[in-house]
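>>> here is my input; please provide its structure:
(chains A, B and C)
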Amino acid sequence: MEDGIVLTMRGISKSFPGVRALNEVDFTLRKGEIHALMGENGAGKSTLIKVLTGVYPMDEGEIYLDGHDGAVSIHSPQDAQSIGISTVYQEITLCPNLTVAENMFIGRTSDKLVHWKEYERRAAEILDNLGIPARPNQELSRCSLAVQQMVAIARAVDMKCKVLILDEPTSSLDDKEVAMLFGLMRDLKSRGVGIIFVTHFLEQVYEVSDRITVLRNGQLVGEFKVEDLPQVQLVAEMMGKSLDDLAELEQIGQKTGSSGECVYEAEQLSSSECRPFDFQIHRGEVNGFTGLLGSGRSESVRAIFGADHVTGGKVQVDGKDVHISKPHDAMINGIGYLPEDRKRDGIIADLSVRDNIILALQVIQGMNHPISKAKAEAFADEYIEALQIKTASKETPIKSLSGGNQQKVILARWLLTHPQYLILDEPTRGIDVGTKLEIQKLVLKLADEGMSITFISSEIEEMLRTCSRLIVMRDRKIVGELTGENLTEAQVMKTIAGGTQQ
Amino acid sequence: MNSNEKVRTPRLREPLTDTQTLLFISIGIFLVMYIGAILLLGGGFTKPQMFFDLLNDNAALIIIACALTVVMIGAGINISVGGVIGLTVMACAIFLNKTQVESTGLAICMTLLLALGIGLAFGIWQGLLVAYLDIQPFIVTLAGMFLARGLTTILSVNPVKATHEGFLAFAKLKVKISWLGYVAQNGNLIPAKIEIGAIVAVATVIVMFLILRYTRFGRSIYAIGGNRQSALMLGINVRRSVFWSYVISGLLSGLAGFVFLMHKPAGNANVAMRGEMDAIAASIIGGTLLTGGVGNVIGSFFGAMILATIQKIIALSPLNASWWQDMASGAMLAFFIVLQSVVLMRKNAAFKKKVQQTEDGPKNNNTEVKEGTS
Amino acid sequence: MNRKKKIAASLGQLVIPLVALAILIIFNLIRDPSFFSIGMRTNNAGNTVLTGNLISVIDSASELAIIAMGMTLVTAATGGQDISVGAVAAISGAIFVKVLQSMGAITGTSVFVALIASILVTILFKLFNGTLVAVFNIQPMIATLILYSCGRSIAYWINGDATPQLDSPIISSFGKTIPGVPIPTPIFAVILVGLFLFLIFKFSSLRLYTQSVGINQAAARLNGINPMHIKLLSFALLGVCVAVAAVIGVSRLGQLNHKTLLADIEMDAILAVAIGGNNLGGGKYKMSGSILGAYIIQMLTTTLYAMNVAPVNVKAYKAIVIIIIVVAGSPVIKDAVAKLFRSMKNSSTAKKGVA
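The predicted structure is shown next:
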């Protein structure tokens, strides 16, 4: 093996029923580099990682690792661990019912016995070292998601790995924690660890990476040095098309302001999860909820939809008093809600794309009025076509679609009900750039056609692009409303920081 | 990050885990019930011997409750334990009656080996099917139950009484503790008697507790029950651990069969009928959740004792008809199940509130912190 | 081609049970070709009825098939099984007998009233299970363990008599045959219950609701479905099935034995669901698979009886066959077979490509 190279993957292929997820992909990782693995959803990043860590067996190809003669065979995550490949996954892959210390040490030693004292002492050291706010003997499920993620990283870091894979590690961390993680990554890099960094955040890639490998549709597009690949070109490589689409969006980004009558109005609405607030939205308006961690923006829209236990307030739809205490009430009043956590609250994994599309409409029609099979097929065809959903067929279980396409199916589900008011909570989270743009365009188009939309996103520029009115929240309270020329990133920040100004 | 610094004050008392909460509930209820029985019913309950009798009579149940707990912590189930007891008792009784071995010690050892061998065999094939062929444990062990019951009647349709004198003498051995005894009406001191089976049962509980708490295997089983996918990602050999949990479960069933034989040295088709359900009930009352990852053999011990105590209380009360016993254990079970569910729900709701309060403070990020209760 | 694929896909999970049934049939044909002969004879009551092993299989599997249908629904919606069906069936039987006896003479009306009463009470008991599962979020197997352990005692307590007898031609026409009809009545009961459920599925979207709740309860709730209602409904429907099966069981023997009425049927019903290729963890399901599973189990039992295996020993042989069926249907074996097929297909297409 060439000097300085720690990992080589050559000609990796992997197929799933109906999909060729990886097609002869090569990948090289050098010592002491941070190597970003980029690609749209469904490009094959996750599959490549899972092949490398032995979660999936590969169909073809070879993996070479520094210090091992010939190709290594990795059949399970513990194989990968034992030869120095550690992974921190996007979803927390620790055990919620064990302690923090246990989660850091379980599955690592060949000791037959557990040395609790030793574990807790060492865990305390590491946690302290990395500044992670958790106690060694704390049950993991009692930690916040961000802390759980950091415990997973601490575990991988402590394993003295040669190859560290970070699969979307930053999606649940705040800026400070991200900075801390990057510090850690640079520290490891200087110690000669090769780091594979998978993320959707382009800025983060440029902040920390040395090289970028781009995948598209299971094929290798190329390996680039960061300085040789401007951000615009990276996006182009990932999407396999020019950036006309982005420009197009900037053009149609002429937001229509609040016009027309009030579609939905809430007075002192409150739920078990949020404090009382007032809110109204007009026909054809796109507004957004923004705020910091725990500010209550998701909780507020969940209260509107009746997703949490509603505890009080007066609600009017189309000027008429209505009572919304459960999702079904909201739905029959023409409100749709695309939840934040697609996997947990959105998809019905084993059901077909067709059944997933018609679900909400069926519920609105009521159990005793089933949608005929022919009609369901027609609906499915219509929306697969309209939203360009990539699926083998409408009978395919939704779980075998890529994240972005799953999101489109959920979107189709709500569009089919023709809501007059649609709530989209993080519709673009964890999906690729191309689909993100498609969804933003769709939002503006729907608003143009008269639908009222609430759009929530973690990316402020995305919201500035789509929303004509932003509601700013802090500490579970609405602290400001921005419209017109006030809609700038600086103004949003100022409002969020608010309290300190006075 | 102010809030976090606040939390970090060292050596905070950790809140109870689910396992601990449920364990304390069942120990508490047992004590209340037992003391209540002493105060209200008096009689036998005032003598320590009553407690030992409960142990003596339910040694096999305690052991299979442990057998169930191990697989249930790993999110599995084993409903063949009763059947395996039945088969073991029958096979051992026949073996003892037919054996030509002269030495009593050797005969007993061979019987024990036979019992453990039968349990081991069931554990191994069930473990292979569940762990390596991914077949639903309920179905595998249901087939195991049918097989064991069927084999029992194939061995003998008629009841078989063990007549081996050496074994019977061994089975009658009891540890006598005079200071826990009582003075009978005729003035003689009757010492408290503990059967070997009861000692074996208590030892099993202790050994299983240590295994689950201090071995890699034990922690792996908890991890697998908590989140199987994560356990795999953490580098735990999931299949091997699951396999061993069934092997241990089978082995304990065999041991329970031997203990049962010592207590009642006769095999028939109905031995330990529904034993698996009693064992599941004991595990649940002791705080093991069928969903896996939560539970403790100490709890299962108390679970079995609670079941035994309620039966005894009913038997000593005016409502001593057999259907009242069934209904009382049913009601007891219902009470426990609902109590546990309510306690866990409230506890988690309270925790959620606390997290919200501590994390209410401003943080410079715009993603939500969600609770990690996957 | 497309059509062929569609049929293959819809048969998918039924392949193993169908093959198992075929093997059982072929085995019996080789062992004793007369196994399938169907004859006519006059029974004790003077009715001309069909006889033969095949008829007896279909007849005696009736209770199991009916309960398996309800069990499939509960499994799909709750991801767990109701192990109290046998015990609750004893209660259903007890109510049926109690009401019949309290109404004096056994007439068509009184039987009808008793049947309705039995169904209603059974639904109540099943709703008790359902409430524990749906409201208190208790695992179905644990929740139903309660009635499993005390249901038969309740049945005993209701009647206060171990084996009440029901001697009436109406009862026997329920449990055996209706005069003039050569086909045993229980078979019609299966068809009726099947039709009842089929119509429910046809004229409602219960199937979609049940599957959604079983696969992802949180998502189902956010789409306006009330998971609690669906779970309770599935238990209520199981209640109907249990009551009908219990009444057949009682009528068949003309007596109620609270200890043996539909004994161990919960285990067989769960087996039937699993043999039919359904996931016991809930979600997607195929009712036809469970029904097929029920007939396979009965076919197996009858075959073993025909081979002079003592009834008490049947369990052991049944266990072995079940193990073979579930091993053949296990994901690992399925994957291995699929891989084998794919590689065969690949090599054949590769050859074509060269040509």
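>>> can you tell me the closest non-neighbouring residue to A:Ile389?
A:Lys408 (4.8 Å; Cβ to Cβ, 6 or more residues apart in numbering or on different chains). All C-beta spots, glycine's among them, are computed from the backbone N, C-alpha and C.
>>> following element in sequence after the one helix or strand that neighbour maps to, please.
Using DSSP states H and E, A:Lys408 maps to helix A:403-416. Beyond helix A:403-416 on the C-terminal side, the first helix or strand identified by DSSP H and E is strand A:421-425.
>>> show me what the following helix or strand past that next one is packed up against.
Following strand A:421-425 in sequence order, the next helix or strand is helix A:433-448 (DSSP H and E). Packing partners of helix A:433-448 (3 or more Cβ pairs under 8 Å, 6 or more residues apart in numbering or on different chains; DSSP states H and E): helix A:231-239, helix A:244-252, strand A:286-291, helix A:403-416, strand A:421-425, strand A:452-456, helix A:460-466.
>>> spit out the contact partners of C:Ile158.
C:Ile91, C:Ala94, C:Ile95, C:Lys98 (Cβ atoms under 8 Å, 6 or more residues apart in numbering or on different chains).
>>> in the helix or strand harbouring the first one, which residues are buried?
By that I understand C:Ile91. With elements taken from DSSP H and E, the one containing C:Ile91 is helix C:85-102. Within helix C:85-102, the residues scored as buried using 16 or more other Cβ atoms under 10 Å in any protein chain shown are C:85-101.
>>> stretch C:27-45 now?
For stretch C:27-45, a neighbour-count test (16+ other Cβ under 10 Å) marks C:Asn28, C:Phe35 as buried.
>>> run the chain-centre distance for it.
Here the centre of stretch C:27-45 is set off from its chain's centre by 24 Å, with Cα atoms, centre = their mean, to the nearest Å.
>>> and for stretch B:35-45?
That offset, for stretch B:35-45, works out to 26 Å (Cα atoms, centre = their mean).
>>> same question, stretch A:445-456
Averaging C-alpha positions (Cα atoms, centre = their mean) puts stretch A:445-456 22 Å from its chain's average.
>>> again, but for stretch A:92-105
Offset of stretch A:92-105 from its chain centre (Cα atoms, centre = their mean): 23 Å.
>>> and the helices in the stretch 151-300 of chain A?
Using DSSP state H, counting those that start in this stretch, the helices of the stretch 151-300 of chain A run over A:175-190, A:202-208, A:231-239, A:244-252, A:297-305.
>>> same list (those helices) but as TSV, adding distance to chain C.
As requested, the helices of the stretch 151-300 of chain A are arranged in TSV below (distance: least, Cβ to the nearest Cβ, whole Å):
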stretch	distance to chain C
helix A:175-190	27
helix A:202-208	30
helix A:231-239	30
helix A:244-252	29
helix A:297-305	8
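>>> so which of those helices comes closest to A:Glu485?
helix A:244-252 (17.7 Å; Cβ to Cβ).
>>> leaving out sequence neighbours, find the closest residue to the residue in chain B positioned nearest to chain C.
For chain B and chain C, the shortest gap (Cβ to the nearest Cβ) falls at B:Gly150, measuring 2.3 Å. What sits nearest to B:Gly150 in space, not counting adjacent residues and going by Cβ to Cβ, 6+ apart, is C:Ala316, at 2.3 Å.
>>> repeat that for C:Ile322.
Here the residue nearest C:Ile322, using Cβ to Cβ, 6+ apart, is B:Ala143, at 4.6 Å.
>>> what's the neighbour count on the one you found?
29 (other Cβ atoms under 10 Å in any protein chain shown).
>>> still on that earlier bit, which one of the helices of the stretch 151-300 of chain A is the most hemmed in?
helix A:297-305 (a mean of 26; mean count of other Cβ atoms under 10 Å in any protein chain shown).
>>> give me the contact status of that helix with chain B.
Yes. Part of helix A:297-305 sits near chain B under the criterion Cβ under 8 Å from any Cβ of the partner chain, namely A:Ser298.
>>> what average pLDDT does that helix get?
Across helix A:297-305, pLDDT averages out at 91.
>>> which parts of the stretch 201-350 of chain B sit against chain C?
B:269, B:274, B:277, B:280-281, B:284, B:289-291, B:322-324, B:326-327, B:329-331, B:333-334, B:337-338, B:341-342, B:345.
>>> just for chain A, where's the confidence low?
Scanning chain A for pLDDT under 70 picks out A:1-2, A:17-18, A:41-42, A:90, A:145-146, A:171-172, A:239-259, A:292-294, A:430, A:498-502.
>>> of all the residues in it, which one is nearest chain B?
Residue nearest to chain B within chain A (Cβ to the nearest Cβ): A:Asp174, separated by 2.6 Å.
>>> same thing with the stretch 51-200 of chain C?
C:Cys150 (3.1 Å).
>>> check which residues of stretch A:68-79 are buried.
Buried, per 16+ other Cβ under 10 Å, within stretch A:68-79: A:Val72, A:Ile74, A:Ser76, A:Pro77, A:Gln78.
>>> and the residues you listed near chain C, which?
Near chain C, by the rule Cβ under 8 Å from any Cβ, you find none of these.
>>> would you map the strands across the stretch 51-200 of chain B?
B:160-161, B:174-183, B:189-195 (DSSP state E, counting those that start in this stretch).
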